[in-house]
Structures are given as structure tokens and as C-alpha cells.
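Participant: pasting a predicted model and its sequence here:
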Amino acid sequence: MSVGNTGDVGEAGSAGSAGKTGNAGNAGGAAGVSGDAVAVGFAPGERDFGLSTRRARLKWVVVVHAGLPPGRAANAAVCAVAPTVAAVPGLLGDGAADADGTVHPGLPWAGCSVLVAGSAALRTVRAEAAARADVFVADVPAAAQSTRVYGDFLATVGRARTEEMEYCAVSIVGPRNPVDRIVGRLPLMP
């Protein structure tokens, strides 16, 4: 998985590829990290659990390939989310204690929409998001679901050009209006 905001290839991370152009603040131990990027995330005092998700400064969306069967779609979404949560500060809220005192881990307090798109639209969403320094991108190349050994994944991705890459999912976090423009009117995952 590559993380960041540039097309630069860095160190490997997890089962997808968080690739972002120009956003080094997104380094989560994955490829595609630039040293001149703007960090994307919420400051500790900025998290407001009384705020509607539609009023949060940043918007988080995961776009999954519409042609994937349900299990592979869920896998792709999770693989895109993992480096996003690791790299973007403040996405998760506090844990919630139930009436018995059992604490349930924090969830995305500002929300996270899961959308679907075809191959071409998914590449366009990734490219437009990666072109912005104020948007974090984590992507899951199709090689993540066709290889079983991480070294093979790295080699397969290393042979592909960015503009030719097929993606299973893309996770993006950034200012609400630009993210809305990037994803347009893509439908929610059914």
C-alpha cells in the first residue's frame, strides 16, 4: 500500500497503495510519500463530537470499484481505510463505554461515506485527489487482491505506471468542498 500525496515511490506499507501527490504529512509507512506535503488531519482541539458530520471541516470518503464482489469490495475498503486512519490524525472519536462499562473503540466522528465507481471513474477520483496538496489519498491497486505475498505485490505495482494502474478502492480525506467536487455524485455503495 502506498501512502502520501505524490507519485514518488517510498517504503512499503500494507495491502493496498496509499498514493497521494504532494502530501508528505500522510506518511504511514508506505510508498507514494512526498517530503514537501501538507499534513491532513484534525488538530486535537478541533474534534467536536457535538458537530454534525456535514459540518466537519474535513470529509472522508472511500470509493470502491463497483465491479467487485461483496467480499472483495469489503476487503478493498478495509485495506484503504487502514493506512488512512494511521496517517490522518483525529479521524477517530473517543471510545464509547456502554452501560456495563465495556468500552467500544472510537469510530470516525466526522463520518466516512463509502461510494462506488467504475474503473475509469476510480482512476479519475484518485488522480484528482492526488493532484491536491490538501487531500490525503490511500489507494488499493488491483495487485493487492491478485497476489498472496507482499513482496510480489510490491514487484507487481513497481512494474505498473500510475496512469495505467487498476484500483480496487481509494480513500480520500480533505476539505469538504474539494472532496465533494472530486467525487461528484458517485452513488453510495449498496
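Facilitator: Okay, I see it. Residues are numbered from 1 along each chain as shown.

Participant: can we go C-alpha only for contacts and neighbour counts from here?
Facilitator: Noted.

Participant: what ranges do the helices span in the protein?
Facilitator: 70-87, 119-130, 150-158, 176-183 (DSSP state H).

Participant: out of those, nearest to residue 104?
Facilitator: helix 70-87 (16.8 Å; CA to CA).

Participant: circling back: Throw the helices of the chain into TSV and include mean pLDDT, thanks.
Facilitator: Formatted as TSV, these follow (pLDDT from 0 to 100):
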stretch	mean pLDDT
helix 70-87	98
helix 119-130	97
helix 150-158	98
helix 176-183	97
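
Participant: so which of the ones you listed comes closest to residue 106?
Facilitator: Residue 106 lies closest to helix 70-87 among these, at 11.5 Å (CA to CA).

Participant: show me where pLDDT drops low in the chain?
Facilitator: Where the chain drops to pLDDT under 70, the residues are 1-38.

Participant: the helices of the chain: which one's closest to residue 93?
Facilitator: Comparing the helices of the chain by CA to CA, helix 70-87 comes nearest, at 11.4 Å.

Participant: and that closest one, which residues are buried?
Facilitator: Buried residues in helix 70-87, counting neighbours by 16 or more other CA atoms under 10 Å, are found at 73, 75-85, 87.

Participant: gap between the residue nearest the centre of the chain and residue 103?
Facilitator: Closest to where the C-alpha atoms of the chain average out (CA atoms, centre = their mean) is residue 171, at 2.3 Å. Distance of residue 171 to residue 103, given as CA to CA, to the nearest Å: 27 Å.

Participant: try residue 170
Facilitator: With CA to CA as the criterion, residue 170 and residue 103 are 30 Å apart.

Participant: same check, this time on residue 150
Facilitator: 34 Å.

Participant: rewinding a little: okay, the buried residues of helix 70-87 in TSV with distance to residue 120 next?
Facilitator: Converted to TSV, the buried residues of helix 70-87 look like this (distance: CA to CA, whole Å):
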residue	distance to residue 120
73	17
75	20
76	17
77	18
78	21
79	20
80	18
81	21
82	24
83	23
84	22
85	26
87	26
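
Participant: what's the most distant pair in these?
Facilitator: Longest span within the buried residues of helix 70-87, CA to CA: 73 and 87, 21.9 Å.

Participant: rewinding a little: would you turn the helices of the chain into JSON lines with distance to residue 94?
Facilitator: Below are those laid out as JSON lines (distance: least, CA to CA, whole Å):
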{"stretch": "helix 70-87", "distance to residue 94": "14"}
{"stretch": "helix 119-130", "distance to residue 94": "28"}
{"stretch": "helix 150-158", "distance to residue 94": "33"}
{"stretch": "helix 176-183", "distance to residue 94": "22"}
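
Participant: relative to residue 48, which of those helices is closest?
Facilitator: helix 176-183 (15.9 Å).

Participant: what residues are up against the nearest residue to residue 49 once chain neighbours are set aside?
Facilitator: Once flanking residues are discounted, residue 49 sits nearest to residue 109: 6.5 Å by CA to CA, 6 or more residues apart in numbering. Residue 109 makes contact with 47, 49, 53, 91-93, according to CA atoms under 8 Å, 6 or more residues apart in numbering.
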